[in-house]
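Novice: A predicted structure for the sequence below; I have some questions about it.
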Amino acid sequence: RFLQTHFMRYCHVSSGHTGINNYFSITNTEKVINSLRSVNSSNTSIFCADFSSLFTNLPHDVVRENMWMLMDILFKNSGKDYVAVNNYTVKYDSGGCLKRRLYSKDDLKYILDFILKESFAVYCGKIYKQDRGIPQGNNASPQIADLTLAMMEYRYVSQKVKIQHPLSHSLGRTFRYIDDLLHVSSRADKFVEATSDMYHSSLTLERTNRDAGDTAFLDLLIRPQQDGTLNLSLYNKTDDYNFEVIRYPHRDSCIPRRIGLNTLHGEILRIYRNCSRYSEFQERVRALLVHFTRIGYTKLEISEQFMRTVSKNPNV
């Protein structure tokens, strides 16, 4: 995560000089929402897809190549020889810190290589060694997958996308959350063509939306409007299921009641953030409050929590 944060800042400085976005990775949809609310063009197209084989199909050599190149860039940019780690913080260090564990660039490369090579599974009494893909379940696996793709994107944009390139100013609305990818621009067709060169051939991008229809990206539902704007609302995949999914703690469960009410607070804020129309916000919140009465919370508890949420967040 430390390297991930450093690489994000490094790319933002780089794109600040060129005006071309070269870092697509996001940690939540807040940046997506703020960006899409300013869209106002009937020529805008949406491309949404996911990598169907990210964790299972990437050759280890490809992961190593990209991750090692990334480490070379970051250590050079830091001007330090080590990453210093204790129980609470991580920082770059020149080697004089005695109270922290010190890892050189070669140490980190060795650790990454060990994670990739020493992954085993037992099936029907036989031991199998994983020789492709990123080991699932490892603490670092999401960051390794994310940074491998981020480096592919950085390399492609830095080498291929110059000012006169068709995509030069169309990458500002490109977002990727691990293996989910979203691109919104008038040059979406050019971006789709570019992905075959941007990402390694072992990766399969499967489109998840129709060009002119609704698009679901994480917890966001994007609806193109006739006036060229995009209507945003909350997307919940469980709404499409034909069975009930338990999403919130029952009032009488062993989970403290305050946690359940805090969940209500967080959901109201999430609905507010995702919905661009008041009517949709109102409809979603009403359904949420009704659901909380069904799982045992009293109307008084719900009303008091709702008022606390509104009083602490005047925009809501």
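Specialist: Received, thanks.
Novice: helix or strand for the nearest residue to residue 265 once chain neighbours are set aside, which one?
Specialist: Among residues not flanking residue 265 along the chain, residue 309 sits closest, at 4.8 Å (Cβ to Cβ, 6 or more residues apart in numbering). From N, CA and C alone the C-beta is placed, and that goes for glycine too. Assigned by DSSP states H and E, residue 309 belongs to helix 299-312.
Novice: The stretch 101-250 of the chain: helices as residue ranges?
Specialist: With helices called from DSSP state H, counting those that start in this stretch, the stretch 101-250 of the chain shows them at 105-117, 141-160, 188-198.
Novice: Let me see the residues that make contact with the last one.
Specialist: Helix 188-198 is contacted from outside by 45-47, 152-153, 156, 160, 166-167, 170-171, 174, 181, 183, 185, 205, 211, using Cβ atoms under 8 Å, 6 or more residues apart in numbering.
Novice: For ChimeraX, what selects the buried ones among these?
Specialist: ChimeraX command restricting the contacts of helix 188-198 to the buried ones, with burial defined by 16 or more other Cβ atoms under 10 Å:
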select :45,46,47,152,153,156,167,170,171,174,181,183,185,205
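Novice: Where does the prediction get shaky in the protein?
Specialist: For the chain, applying pLDDT under 70 flags the ranges 211.
Novice: for the chain, what spans make up the strands?
Specialist: Applying DSSP state E to the chain gives strands spanning 45-51, 82-85, 90-93, 101-104, 120-123, 126-129, 174-177, 180-185, 205-207, 215-217, 220-224, 230-234.
Novice: The longest one to strand 220-224, inter-axis angle?
Specialist: If I follow you right, that is strand 45-51. 150 degrees (axes from the mean of the first three to the mean of the last three Cα atoms, to 10 degrees).
Novice: Would you mind pulling up the elements that strand 45-51 packs against?
Specialist: strand 180-185, helix 188-198, strand 205-207, strand 215-217 (3 or more Cβ pairs under 8 Å, 6 or more residues apart in numbering; DSSP states H and E).
Novice: in stretch 79-95, what counts as buried?
Specialist: Applying 16+ other Cβ under 10 Å to stretch 79-95 flags 80, 82, 83, 84, 85, 90, 92, 93 as buried.
Novice: now stretch 242-249
Specialist: Within stretch 242-249, the residues scored as buried using 16+ other Cβ under 10 Å are 248, 249.
Novice: what's in contact with that stretch?
Specialist: Stretch 242-249 is contacted from outside by 238, 255, 259, 260, 263, 264, 267, 291, 292, 295, using Cβ under 8 Å, 6+ apart.
Novice: how about 7 Å then?
Specialist: Applying Cβ atoms under 7 Å, 6 or more residues apart in numbering, the contact partners of stretch 242-249 are 238, 255, 259, 260, 263, 295.
Novice: Could you give the number of residues near the closest residue to residue 152 other than its chain neighbours?
Specialist: In this structure, residue 152 finds its nearest non-sequential neighbour in residue 199, 5.5 Å apart by Cβ to Cβ, 6+ apart. Neighbours of residue 199 under the rule other Cβ atoms under 10 Å: 21.
Novice: hang on, isn't residue 199 packed against residue 153?
Specialist: No: using Cβ atoms under 7 Å, residue 199 is not in contact with residue 153, being 8.1 Å away.
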